[in-house]
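# Sequence and predicted structure below; questions after.
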Amino acid sequence: MKRALGTAAALVGAGVAIRRLKSRASGSGTEPNRWLVVTVNCPPERLREIPAPLVGLADHVEIRTAPAPGGKGTELAARLRETDATGTLKRLTGDDPRQRVRRALREAKSLVETGEVMKPDAPPTVRDTPGGKLVGLATRRAGGEGRL
């Protein structure tokens, strides 16, 4: 009896896991041409001109601004005009055009809010150890990845 209950519980758990994976795979997060948005701490009037980091991408992206909810700044949004098929391999090699849009949005937010593009601090070590190489790789790739 205990064995049957254990097997049933394992099957139910596996079913739930598969269902979650399928729902994530078919969710809106995989839409290749969705808007990427950052909230900039400034009034909408200040973003009438396209920030410098986005100017280089202006031919390839649509850009829009809107007041942020609750009057807490301005939403700066961008998306690619043409959607190329991008996959995990392109993303891992840094060849995904959406990574350039993400990086440009982050840099635009930093430039508008602080007057300069904020860069991560230099690594605290002077020797190039395996751990230091890993941290350096993660730091270089971080601008084009993650949530905005």
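Thanks, I have the structure now.

# If we ignore the residues flanking it in sequence, what's nearest residue 56?
Excluding its sequence neighbours, the residue lying closest to residue 56 (C-beta to C-beta, 6 or more residues apart in numbering) is residue 104, at 7.3 Å. Using the backbone N, CA and C atoms, a C-beta is placed for each residue, glycine as well.

# Counting neighbours, which bits of the helix or strand hosting that neighbour end up buried?
Using DSSP states H and E, the element containing residue 104 is helix 97-114. For helix 97-114, the neighbour count (16 or more other C-beta atoms under 10 Å) marks 97-112 as buried.

# Averaged pLDDT, it. What do you get?
The average pLDDT within helix 97-114 is 90.

# quick one: the helices in this structure?
All helices of the chain, identified by DSSP state H, fall at 2-25, 52-55, 88-92, 97-114, 130-142.

# between these, which has the poorest average model confidence?
Among those, helix 88-92 scores lowest, with a mean of 60.

# and the gap between residue 53 and residue 36?
13 Å (C-beta to C-beta, to the nearest Å).

# which residues do the two both contact?
Counting by C-beta atoms under 8 Å, 6 or more residues apart in numbering, the common neighbours of residue 53 and residue 36 are residue 105.

# residues contacting the residue nearest to residue 56?
By C-beta under 8 Å, 6+ apart, the contact set of residue 104 is 53, 54, 56, 57, 78.

# from those, which is closest to residue 132?
Comparing those against residue 132 with C-beta to C-beta places residue 53 closest, at 28.1 Å.

# tally of neighbours for the closest one?
Number of residues near residue 53 (other C-beta atoms under 10 Å) recorded here: 19.

# quick one, what contacts it?
So residue 53 contacts 103, 104, 105, 107, 108, 111, 117 (C-beta under 8 Å, 6+ apart).
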